[in-house]
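Visitor: Dropping a prediction and its sequence here:
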Amino acid sequence: METLNVYATRLLEKSEYFTPGHRACQGCAEALAVRLVAKALGNNVIVGSATGCMEIISSPLPFTNWKVPWLHVAFENAAAVLSGAEAGYRALVRKGKRPEKGTVFLAMGGDGATTDIGFQALSGALERGHNFLYVCYDNEAYMNTGIQRSSSTPFGASTTTSPAGKIHFGQRTWKKNMAEIVVAHNVPYVATACSSYPFDLMEKVQKAARTPGPAYVHILSVCPTGWRIAPNKAIWIGRLAVETGVFPLYEVVDGKYRITHEVGELKPVEDYLRPQGRFRHLTPDMIKHIQDRVSAEYAKLEAKTRL
């Protein structure tokens, strides 16, 4: 990886394409992630945004926070709409009706719109090989509609539809590993990112945009409201997710794995779980169960980087 100064010189610019004044909750790390993605891509981009937090907070009629062409599409079809736009663009270029300008086609959605409702459209677009970028902003639940669990909600987390109580201990299934599912489609570029590591995030987005064919970036987007943390703790919690191995930062280029932020000895998972209200009901046995799973999954990832 390059030095921080080189990153800053190459990636950061003054122009904002996702502008201030939106209506996100205080401390929303997802809005920060969107801002970083927009800055990394510049103005030669067409964005399709699935229904969700980022659509709601950035486009209340008659206002918009977007300075680039932006479409609000249904919860389930961001990948389908943008693959259609990309195909239409290619047809116009092929017929000589417009010049090739290297326009980036960005489909984006939250974890609900990606791992659940929009999974079929995304899988189809990946399989067809469209030249587009899909970014998932993963806040680990359906936050916009009341903090309902999704297939990206982590094991043990309490949500309004997987509540902790005398009978239930929260989410009973493990978080869907969406990045690995995309890797199984044999696409040329897949990466994980987090807004707590902005330069890593922006480089991956730019690399994904330059990659011919489908590319996918999965961004952990801390939600203070749904995760029940103070607004000023979002960046800290995102760093703990990486430092404990709960959400490792890596990329897969043509099937080759590389961890992009080495953390050395992982911190205990409890350091990440305890500050969050959604995990406060967890017993020591449950925390150990989660620790064992995280350690095993991180070891698998490290093994893949050695292949």
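Guide: Structure received. Residues are numbered from 1 along each chain as shown.
Visitor: shaky segments in this structure?
Guide: Within the chain, the stretches with pLDDT under 70 are 1-11.
Visitor: give me that answer again for 50
Guide: 1-5, 7, 9 (pLDDT under 50).
Visitor: where exactly do the helices run in it?
Guide: For the chain, the helices defined by DSSP state H occupy 4-11, 29-41, 53-58, 78-94, 111, 119-128, 178-183, 198-210, 224-227, 234-243, 269-273, 284-305.
Visitor: Residues contacting the fifth one, please?
Guide: The set of residues external to helix 111 that reach it, using C-beta atoms under 8 Å, 6 or more residues apart in numbering, is 136, 137, 138, 139, 140, 141, 150, 151, 152, 178. In short, each C-beta sits where N, CA and C put it, glycine included.
Visitor: Surely the fifth one and residue 151 touch.
Guide: No: if you go by C-beta atoms under 8 Å, residue 140 and residue 151 don't touch, sitting 10.0 Å apart.
Visitor: Neighbour count: the two, which is higher?
Guide: Set residue 140 next to residue 151 and count neighbours by other C-beta atoms under 10 Å: residue 140 wins out with 28 against 17.
Visitor: Tell me the spacing between the more buried one and residue 65.
Guide: Look at residue 140 and residue 65: by C-beta to C-beta, to the nearest Å, they are 24 Å apart.
Visitor: could I get the helices of the chain as a markdown table with distance to residue 69 and mean neighbour count?
Guide: Shown next, in a markdown table, are the helices of the chain (distance: least, C-beta to C-beta, whole Å; neighbours: other C-beta atoms under 10 Å):
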| stretch | distance to residue 69 | mean neighbour count |
| --- | --- | --- |
| helix 4-11 | 22 | 12 |
| helix 29-41 | 12 | 24 |
| helix 53-58 | 14 | 22 |
| helix 78-94 | 9 | 19 |
| helix 111 | 25 | 28 |
| helix 119-128 | 19 | 18 |
| helix 178-183 | 25 | 19 |
| helix 198-210 | 15 | 21 |
| helix 224-227 | 30 | 21 |
| helix 234-243 | 29 | 20 |
| helix 269-273 | 38 | 19 |
| helix 284-305 | 37 | 14 |
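Visitor: Can you say which of those is nearest to residue 258?
Guide: Closest to residue 258 of the helices of the chain, according to C-beta to C-beta: helix 284-305, at 6.0 Å.
Visitor: Tell me how far that closest one lies from the chain's centre.
Guide: Distance of helix 284-305 from the chain centroid (C-alpha atoms, centre = their mean, to the nearest Å) equals 21 Å.
Visitor: re earlier: compare the helices of the chain and report which one is nearest to residue 259.
Guide: Nearest to residue 259, of all the helices of the chain, is helix 284-305, at 5.7 Å by C-beta to C-beta.
Visitor: Next up, the contacts around the closest residue in space to residue 208 that isn't next to it in sequence.
Guide: Nearest residue to residue 208, sequence neighbours excluded (C-beta to C-beta, 6 or more residues apart in numbering): residue 215, at 3.7 Å. Counting by C-beta under 8 Å, 6+ apart, residue 215 touches 132, 133, 134, 187, 188, 189, 190, 208, 209.
Visitor: beta partners of the nearest residue to the last one once chain neighbours are set aside?
Guide: The shortest distance from residue 209 to any non-neighbouring residue, by C-beta to C-beta, 6+ apart, is to residue 104 (4.7 Å). Beta bridges link residue 104 to residue 45 when assigned by DSSP bridges.
Visitor: Run a quick check on residue 104 versus residue 44, I expect a contact.
Guide: Yes: Residue 104 is within contact range of residue 44, at 6.4 Å (criterion: C-beta under 8 Å).
Visitor: Which residue of the two possesses the greater neighbour count?
Guide: The residue with more neighbours, out of residue 104 and residue 44, is residue 104; 23 against 12, by other C-beta under 10 Å.
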